[in-house]
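Undergrad: quick check, what structure comes out for this input:
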Amino acid sequence: MQVTAMDIYRLLPQTNCEDCEEAACGEASCMAFATKLSEKEAQLELCTELSSEAFDKLEALLAPAVREITIGTGDKTITIGGDEVLYRYELTYYNPTSLIIDISDNISDAEFTERVNTIEETEFERIGEMLTLDAIALRNASGNAEKFAEAALKLKKSKLPLVLCSFDPEAMKAALEKVGDERPLIYAVNESNLEEMASLALEYNCPLAIFSPNDLEKMKQLSRALRNKGIEDIVLDPGTFVQEGIGDTLDNFVMIRRLAVEERDEDFRFPLMGIPALTWIYEKDEVQGGIREATIAATLMNKYADLLIFHGTNIWELIPVLTLRQGIYTDPRKPQAVDPGLYEFGELDKNSPVLMTTNFALTFYTVEGDIKGKANAYLLVLDTEGRAVDVSLAGGQLNAEAVADLIKETGIEDKVDTRTLIIPGLSAPVSGEIEDESGWEVLVGPRDSSGVPGFLEELKGKS
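TA: Residues are numbered from 1 along each chain as shown. The predicted structure follows:
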């Protein structure tokens with residue numbers, strides 16, 4: 001159940017800081033502060049009037065259904081979990097799924113270095129955001145504790161946080177002696193190594209993953225045993241079954257998340273982990289394996305995975321998953337938008353053409369990509385509250401008065417001698433109204449911005 005501002009307000013001192021020397025929270029009233037708390041825009045510690053009892057109650061009330069866990073230290077960290085709802089339209093998802101690439105401890109130094117460089121340098125820009133990978137998972141493929149420790153030490157130079165993968169407590173201890181101060185995720189504890197792995201997690205203050213394949217009752221027992229030992233940062237892996245389809249995996253993910261969000265079952269209120277990399281045990285063809293791994297990753301991300309471990313590093317495999325993550329982890333209440341105003345491209349003069357678009361981020365960056373380096377033009381970006389051309393036209397945000405105001409506010413009339421505005425093809429229905437309101441001649445441009453450079457060339461040839 002989602003916590004409301006009123007639920008929070010009831011536990012606040014309700015003094016509106018009348019008895020305080022100053023409002024430490026920075027808000028005019030307790031209700032305003034409660035609203036900020038409910039929207040995760042303020043910290044509870046800012047209220048200096050809370051009693052310790054009230055603070056504890058509010059802290060418990062505000063705690064997300066899924067515990068928020070940080071892996072790594074300093075600049076090398078990722079944060080997973082923190083979800084409060086089952087569906088993003090109810091609120092939003094806050095911490096994006098961490099995408100992690102595995103590396104074995106039994107490959108040559110040259111292969112090791114090359115793979116680390118590939119992981120660290122993988123990046124893809126989309127709608128103004130640089131999409132990257134998040135961490136490295138070191139596998140104890142050699143079965144040798146010394147090799148595992150040596151490989152872990154080499155990764156200490158990496159700019160990414162670590163996941164250490166071994167069921168052998170001796171190997172894990174050897175690796176933690178090298179990198180334990182960087183707070184890697186320990187993967188994994190099971191029924192046979194519970195005591196040893198729990199001791200290591202406590203000694204090095206590291207988060208610990210539970211591996212309990214297709215057995216939620218056993219997972220519950222392990223979770224409770226760890227919590228009784230004082231371990232709070234736990235990650236749950238109910239198994240990723242890839243050979244005959246991932247139906248069981250999905251069932252387990254959904255069940256665990258429902259137990260966390262709807263039932264507030266303390267044994268399951270932790271981030272979920274999936275391992276699409278297991279695809280490569282059964283699939284040897286690089287293309288088919290990559291497609292299958294990406295498909296499994298996307299499916300699990302849609303069903304609550306907080307952390308995913310990959311093996312493939314081909315950019316064509318990773319781009320769809322990175323793009324999906326970006327879409328899922330935007331706030332559905334706030335469309336992605338850029339700042340409205342005037343943008344300049346290329347070498348400009350008094351006769352340069354003037355284009356117009358909306359401030360929906362995907363629209364803007366698509367237009368930018370189609371004209372940058374291909375055309376010299378001014379671009380007026382209209383504030384449509386982050387809506388695309390057709391949507392803002394239907395909703396009334398793209399209207400003649402708004403466009404006329406934009407022309408005046410940006411000062412474009414001082415930059416060009418021409419009074420011709422090229423509008424997107426989809427906004428043609430309001431072209432006449434824009435002319436009447438602004439006094440500018442309006443030309444209807446292409447429906448697709450990829451046609452803008454050709455349109456401008458054709459226009460130039462007619463002048």
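
Undergrad: buried residues, stretch 453-463. List them.
TA: For stretch 453-463, burial by neighbour count (16 or more other CB atoms under 10 Å) applies to 453, 455, 456. For glycine as for every other residue, the C-beta is placed from the backbone atoms N, C-alpha and C.

Undergrad: how far does the lengthiest helix in the chain sit from the chain's center?
TA: With secondary structure taken from DSSP state H, the chain has its longest helix at helix 286-302. For helix 286-302, the separation from the chain centroid amounts to 18 Å (computed by CA atoms, centre = their mean, to the nearest Å).

Undergrad: gap between whichever helix or strand comes after that helix and the chain center?
TA: Going down the chain from helix 286-302, the next helix or strand is strand 307-310, by DSSP states H and E. Chain-centre distance of strand 307-310: 14 Å, with CA atoms, centre = their mean.

Undergrad: now strand 307-310: mean pLDDT?
TA: The pLDDT scores in strand 307-310 average 97.

Undergrad: now the helix or strand just after it: buried residues?
TA: Note on strand 307-310: by DSSP H and E, the next helix or strand toward the C-terminus is helix 315-328. Of the residues in helix 315-328, those with enough neighbours to count as buried (16+ other CB under 10 Å) are 317, 318, 321, 322, 324, 325, 326, 328.

Undergrad: as a markdown table, the residues you listed with distance to residue 246 and pLDDT would be great.
TA: Shown next, in a markdown table, are the buried residues of helix 315-328 (distance: CB to CB, whole Å; pLDDT from 0 to 100):
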| residue | distance to residue 246 | pLDDT |
| --- | --- | --- |
| 317 | 17 | 95 |
| 318 | 19 | 96 |
| 321 | 15 | 96 |
| 322 | 20 | 96 |
| 324 | 16 | 95 |
| 325 | 18 | 95 |
| 326 | 23 | 91 |
| 328 | 18 | 90 |
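
Undergrad: picking that back up, so which of the buried residues of stretch 453-463 is the closest to residue 400?
TA: Taking CB to CB as the measure, residue 400 lies nearest residue 455 of the buried residues of stretch 453-463, at 22.1 Å.

Undergrad: gap between the helix or strand hosting the closest one and the chain center?
TA: Assigned by DSSP H and E, residue 455 falls within helix 452-462. Here helix 452-462 is found 40 Å from its chain centre; the criterion is CA atoms, centre = their mean.

Undergrad: just the C-alpha atoms of it, please, in CSV.
TA: Listed next in CSV are the C-alpha coordinates belonging to helix 452-462 (Å, rounded to 0.1, in the frame of the first residue of the first chain):
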residue,chain,number,x,y,z
VAL,A,452,14.8,18.2,-43.2
PRO,A,453,18.3,18.5,-44.8
GLY,A,454,16.9,17.7,-48.2
PHE,A,455,13.9,20.0,-47.6
LEU,A,456,16.3,22.9,-46.8
GLU,A,457,18.4,22.2,-49.8
GLU,A,458,15.4,22.3,-52.0
LEU,A,459,14.2,25.5,-50.4
LYS,A,460,17.6,27.1,-50.9
GLY,A,461,17.5,26.2,-54.6
LYS,A,462,14.2,28.0,-55.0
